[in-house]
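[1] Structure for this input, please:
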Amino acid sequence: MRRLAALVLTTACAIGAAACSSSSATSTPSTSATSSVKSGGTLTYALDEDVDGFNVNYANDDEEVLREIIENVWPQVFVPTPNLKLELNTNYVTSATVTSTSPQTVVYQINPKATWSDGVPITAADFIYNWEAQSGNPKYKDVGGAVYLPTNTAGYDQIKSVTGSHGGKTVTVVFSKPFGDWQVLFSDLVPAHIAEKVGFNNGFQTFGASVKVSGGPYEIQSYTQGEDLVEVPNPTWWGKKPSLSKVVFRFILDDSQIPAAIENGEVQLAEPALASLSFKDVVDSIPNTTTQVIAGLEFQHIDFNQANPYLALSDVRHAIADGTNRAELVQRIVAPLTSSIAPLENRIWMPIQPQYENTSGSYGDYSTTEAKSLLEAAGFKLGSDGYFQPDFGPEKGKDFTLTISTTSGVAVRSEIEQLFQADMKAIGIKIVIQNYSANTLFGTVGPKGEFDLIEFAWVQTPFASSSLSIYCSYTDASMCGENWDHYSDPQVDTLYSEALTTINPTAAARLYNDIDALLWKDMATLPLFEQPDLYTWSTSYGNVEPNPSSYNITWNAADWGLKA
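    Next up is the predicted model:
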């Protein structure tokens, strides 16, 4: 399972576009591939999990697979291309201009043709609703008076006003505080006229008429839980018409079943949950397929639930980190695929980004001796059976035991757990493996804190501000809903407040790296490695192009087609 780190740019002006230019480039993102394709045909894409709901902006639906589905259904104002350059999608907004820096003001001109599939124009009303629902401001209420539960409030909570003019086709956004990552806002635009009736939190949780309303090149035709979701061209789409007659997202939760599905022609495109050499060897042997392995904005990590009285202790978290042989994990799991990836030393920036620095300060360096010393300092005594026993708390006098959980059916994640289990045995911690389906792990176990340790991948997008909801103090439920670990550090909160209002991209990058240095000091989570993404697809199809950001391979699905 891969969770979205609600959006991370690498252009010089990515974070502080307002400081670089008063006007954004006006281009429609499109594939750099130029295959000639014909009309008609179906492409089936294997996804590694089912969806929890259909509103990717709602905290409980924040899944990478849902973004891949919804990004061609709901409007995307800015789109990161495969080289991580950000482009304005002029299908929706013909221009986005920073007209003032004091106060920061952005004016959007909505494409006059932009209309929801039910005939309602896309207007400032949609921008206003999306701002209010994701602002974290308790004065704005969902249907029935409920508090909105957005994935991330970063940037939206810094907006003072959103107003419309010229028949609602001009949108003026005024910020109360500068926001360097302003281009992240107003993507995956929720249809306001629908959400106002059915609700932001609950209105898109089951498939029905509300989910079928589209503002993109495709619309969702059908959904069968546990089986597939089907998209077809939106007949009211005003932009370039998709070539394919149908895109089927088929849910195959066990990576080992994918190669056979490709060979049998049941699936034409796939990305396993976690790439392995054995998977690559098998798909490489299938005729008429192509495979690419790329480094992306995605990383594997282990979370510590600090509601556990032992994991609440910094020394215990550091002991676990020091006792984890991350280099061996990379050597065993990643090196057979690529030699360019090393243990990850930053949570906010990935090595493929120029802002990346080793901020670890040697925290997390492998040392069983140091790990054991830290456990002793925390009040643990080594028993005759080789396991430490705490002299306090619910496990007093017993072998110190923790449970680790991840998604079932993913061989590589199982291998990570087994290697981790062996590492922990070597330092005197007993690990019990308890895995769940992706829907249970990320629908219940994670959000409700029903775990000790949890291993999965965060998928970054090109904006560092989107990491806010993961690492800011869990006590702020309106902003920090993805902080499942009960982690809290007021210094981190202060630095985020400063970074989010810093326009200069170099200064902002420095602040985000300072945040990550504190996260290492606290050992808030343990980064493992940047994940290599593997994509394999049938050579019968053109314009399929992997994207290392969270927009993933479906970023240009409207350009896909059977080769002419």
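[2] Which stretches in the stretch 201-350 of the chain count as strands?
    Assigned by DSSP state E, counting those that start in this stretch, the stretch 201-350 of the chain shows strands spanning 218-224, 228-233, 246-251, 269-270, 289-304.
[3] chain center to the longest one, what's the gap?
    The chain centroid and the centroid of strand 289-304 are separated by 12 Å, computed with C-alpha atoms, centre = their mean, to the nearest Å.
[4] Neighbouring strands - and their directions - for that strand?
    strand 453-459 (antiparallel), strand 525-538 (antiparallel) (DSSP bridges).
[5] ok, back up a step: could the strands of the stretch 201-350 of the chain go into a markdown table alongside mean pLDDT, mean neighbour count and distance to G361?
    In this view, the C-beta of every residue, glycine as well, is placed from N, C-alpha and C. A markdown table is the format used below for those (pLDDT from 0 to 100; neighbours: other C-beta atoms under 10 Å; distance: least, C-beta to C-beta, whole Å):
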| stretch | mean pLDDT | mean neighbour count | distance to G361 |
| --- | --- | --- | --- |
| strand 218-224 | 98 | 18 | 46 |
| strand 228-233 | 98 | 21 | 45 |
| strand 246-251 | 98 | 21 | 42 |
| strand 269-270 | 98 | 26 | 39 |
| strand 289-304 | 94 | 20 | 18 |
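[6] Now that we have those, can you turn them into CSV and tack on distance to V120?
    Below are these laid out as CSV (distance: least, C-beta to C-beta, whole Å):
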stretch, distance to V120
strand 218-224, 14
strand 228-233, 19
strand 246-251, 24
strand 269-270, 33
strand 289-304, 34
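[7] and of these, who's closest to G155?
    G155 lies closest, by C-beta to C-beta, to one member of the strands of the stretch 201-350 of the chain: strand 289-304, at 18.4 Å.
[8] Off-centre distance for the host helix or strand of L66?
    Assignment of secondary structure by DSSP states H and E places L66 within helix 64-70. Relative to its chain's centre, helix 64-70 lies at 10 Å (C-alpha atoms, centre = their mean).
[9] what sits up against that helix?
    Here helix 64-70 makes contact (C-beta atoms under 8 Å, 6 or more residues apart in numbering) with 2-4, 45, 47-54, 56, 188, 220, 229, 231, 249, 459, 550-554.
[10] Columns mean pLDDT, mean neighbour count and distance to T206 on top of the strands paired with strand 289-304, output as TSV?
    Shown next, in TSV, are the strands paired with strand 289-304 (pLDDT from 0 to 100; neighbours: other C-beta under 10 Å; distance: least, C-beta to C-beta, whole Å):
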stretch	mean pLDDT	mean neighbour count	distance to T206
strand 453-459	93	24	25
strand 525-538	95	23	31
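[11] any chance of those in JSON lines, with distance to P82 too?
    Formatted as JSON lines, the strands paired with strand 289-304 follow (distance: least, C-beta to C-beta, whole Å):
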{"stretch": "strand 453-459", "distance to P82": "15"}
{"stretch": "strand 525-538", "distance to P82": "11"}
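[12] how about the ones you listed, which one is nearest V211?
    The nearest among those, by C-beta to C-beta, is strand 453-459 at 22.5 Å.
[13] Relative to the whole chain's centre, how far out is that closest one?
    11 Å.
[14] How about the next helix or strand after that strand, which residues are buried there?
    Toward the C-terminal end, the helix or strand that comes next after strand 453-459 (DSSP H and E) is helix 468-471. Using 16 or more other C-beta atoms under 10 Å as the test for burial, helix 468-471 gives L468, S469, I470, Y471.
[15] Near the closest residue to Q225 other than its chain neighbours, how many other residues are there?
    Of all residues not flanking Q225 in the chain, D50 sits nearest, at 6.5 Å (C-beta to C-beta, 6 or more residues apart in numbering). The number of residues packed near D50 is 21, by other C-beta atoms under 10 Å.
[16] Please report the distance of D50 from F204.
    To F204, D50 is 15 Å away according to C-beta to C-beta, to the nearest Å.
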